[in-house]
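> After the sequence you'll find the predicted model.
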Amino acid sequence: MTRKFKSYMTTWSVCFFAVTAIGCERSAPVSRSPLRIFAASSLTEAFRDLEEKFELEQPNFDAQITFAGSQVLRLQIEQGAQADVFASANLQHMQSLIEQDLASSSSIFAYNELAVIIPKSNPASIKSFSDLPAADRIVMANDHVPAGIYSRMVLEKAVDRFGKEFITRLRNRIVSEESNVRLVRAKVELGEADAAIVYQTDAVSSDRLLLISIPEDLNVRASYSIAQVTTSINPEGVKQFITFVFSRKGRRILEKHGFITTTL
């Protein structure tokens, strides 16, 4: 091969790779803006679904969701955790952040109610809420967790109908109090409890459980609120996500997972 031809090939190779590199650089994907969402654990399936559909419509945002008890998430925000959106299962936790100027004004986006869950094998032969004290092992969320607060409100209402002895027997059967409602459900799914009180949405999202309704006059409706965390560095992403949650598509997703939006 002649020196002239080698020189020509070298020059051509340099140009080829330069053009290729430029082409790759131009076709590189646009970086996605992270959107950090703190959401109550009872929203897990619904918000994962919302996340997927939201990112399809808003590909410039990368929704990153942290699930935990509302009280845990509130504490993390108070201690400086980086978050853009807070979705709470309890209005008091949201109000606490608003009063500390850590969250903007909030809006209710969904409602939930409580239900009793039992394993499909139903070892305690529970057929109605009135049978609940027949369970040897009952699990509830603790009294710092929204689901635990609402569950105790149901028990307070039940005193008038079933008497104090009913509630005393029921409380004596409580073997565990968990830090979030998903841990409560897991105890029943794993056969470590005969019954538990959870949100209806937790019951319908598991195929290993049976749902026992709580009488309407004893039940409690939980309100779910959402707001921007004031230290958010992605206000546009917050706006787009909250708008999506309240959109017709967003509400259909919530309803598919058992949440109530018809009274909004």
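Here it is on my side, so go on.
> show me where the protein has helices.
In order along the chain, the chain carries the following helices (DSSP state H): 3-27, 44-57, 70-78, 91-99, 146-162, 164-172, 181-189, 200-204, 235-246, 248-256.
> Quick one: closest of those helices to Ser223.
Among the helices of the chain, helix 91-99 comes nearest to Ser223, with 5.5 Å by Cβ to Cβ. All C-beta spots, glycine's among them, are computed from the backbone N, C-alpha and C.
> what angle separates the longest strand along the chain from helix 235-246?
For the chain, the strand with the greatest residue count under DSSP state E is strand 107-119. Orientation of strand 107-119 against helix 235-246 (axes from the mean of the first three to the mean of the last three Cα atoms, to 10 degrees) gives an angle of 60 degrees.
> picking that back up, who wins for proximity to Ser121 among the helices of the chain?
Of all the helices of the chain, it is helix 181-189 that lies closest to Ser121, at 10.7 Å by Cβ to Cβ.
> buried stuff in that closest one?
Applying a neighbour-count criterion of 16 or more other Cβ atoms under 10 Å, one finds Val181, Arg182, Leu183, Val184, Arg185, Ala186, Lys187, Val188, Glu189 buried in helix 181-189.
> Can you convert the helices of the chain into a markdown table and add a column each for distance to Ala115 and mean pLDDT?
Converted to a markdown table, these look like this (distance: least, Cβ to Cβ, whole Å; pLDDT from 0 to 100):
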| stretch | distance to Ala115 | mean pLDDT |
| --- | --- | --- |
| helix 3-27 | 51 | 43 |
| helix 44-57 | 16 | 97 |
| helix 70-78 | 19 | 97 |
| helix 91-99 | 21 | 97 |
| helix 146-162 | 10 | 95 |
| helix 164-172 | 15 | 94 |
| helix 181-189 | 11 | 96 |
| helix 200-204 | 4 | 91 |
| helix 235-246 | 24 | 98 |
| helix 248-256 | 17 | 97 |
